[in-house]
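Peer 1: sequence-free structure coming up:
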Ligand SMILES: [Zn+2]
């Protein structure tokens, strides 16, 4: 038996064409129970995350951490460089291994979590070496970049349209952020204000403005697409 609409081969018990959903009815064929020709679910089911595998990955991360702790204690009698190793390993774990525990890791959550981990690590380095650059420089810069990237990821994930506007807006935001970076550098390290940040600001505003212009102007967008892809 074949579908009268699209012609695909059908099993005798099929009530609907699995391809085009046309109702199947053949008065001469008695409907009996046989296994369908096509699987019921079009997509294979996703496997849940494997605890054994993830536990093994965690163990592999812990081995160098434990070895560093033991050698630091043996050589120096207290924690010196161990904290840097442990922090770096922790950052790697959060970025690459932590999402494995989740069936569908959501980047809207994982991106800020990663920036939070980076901020904690930088705070540790700052206080371990008695620096005074964390609060006034590293924290606001990490938070600023994290905020821009989280905004970008969130908007592109939940709004399916207007990507040119979203990217354009974020690029301009990044340019404006450069001014803040220069100001924080001046504030933290006591260097004089040169105004170098205006150059990346202008470049980013032009680039972001071009993306937004392409979003507004359909014919310009089509010309660009033709130039870039054909
Ligand atoms: Zn069909």
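Peer 2: Arrived safely, thanks for sending. Predicted model only: the values in this text are computed from it and were never measured.
Peer 1: Do you know the pLDDT at the residue of the chain most remote from its centre?
Peer 2: Using C-alpha atoms, centre = their mean, the residue of the chain lying farthest from its centre is residue 28. It sits 56.0 Å away. We have a pLDDT of 72 for residue 28.
Peer 1: which element is it on?
Peer 2: Following DSSP states H and E, there is no helix or strand that holds residue 28.
Peer 1: Centroid-nearest residue for this structure?
Peer 2: Geometric middle of the chain (C-alpha atoms, centre = their mean) lands on residue 107, at 4.5 Å.
Peer 1: Not counting sequence-adjacent ones, nearest residue to that one?
Peer 2: Once flanking residues are discounted, residue 107 sits nearest to residue 153: 5.0 Å by C-beta to C-beta, 6 or more residues apart in numbering. C-betas here are computed from N, CA, C, even on glycine.
Peer 1: dump the residue contacts of the closest residue to residue 157 other than its chain neighbours.
Peer 2: The shortest distance from residue 157 to any non-neighbouring residue, by C-beta to C-beta, 6+ apart, is to residue 108 (5.9 Å). Contacts for residue 108 were tallied using C-beta atoms under 8 Å, 6 or more residues apart in numbering; they are 150, 153, 154, 157, 158.
Peer 1: Assign residue 108 to helix, strand or coil.
Peer 2: helix (DSSP: H, G, I helix; E, B strand; the rest coil).
Peer 1: and the gap between it and residue 83?
Peer 2: According to C-beta to C-beta, to the nearest Å, residue 108 stands 30 Å off from residue 83.
Peer 1: Now tell me what touches stretch 67-83 from outside.
Peer 2: By C-beta under 8 Å, 6+ apart, stretch 67-83 touches 85, 86, 124, 128.
Peer 1: I'd guessed the first one sits against residue 64; true?
Peer 2: Yes: if you go by C-beta atoms under 8 Å, residue 85 and residue 64 touch, sitting 7.1 Å apart.
Peer 1: Between those two, tell me which one has more neighbours.
Peer 2: Per other C-beta atoms under 10 Å, whichever of residue 85 and residue 64 has more neighbours is residue 85, with 16 against 13.
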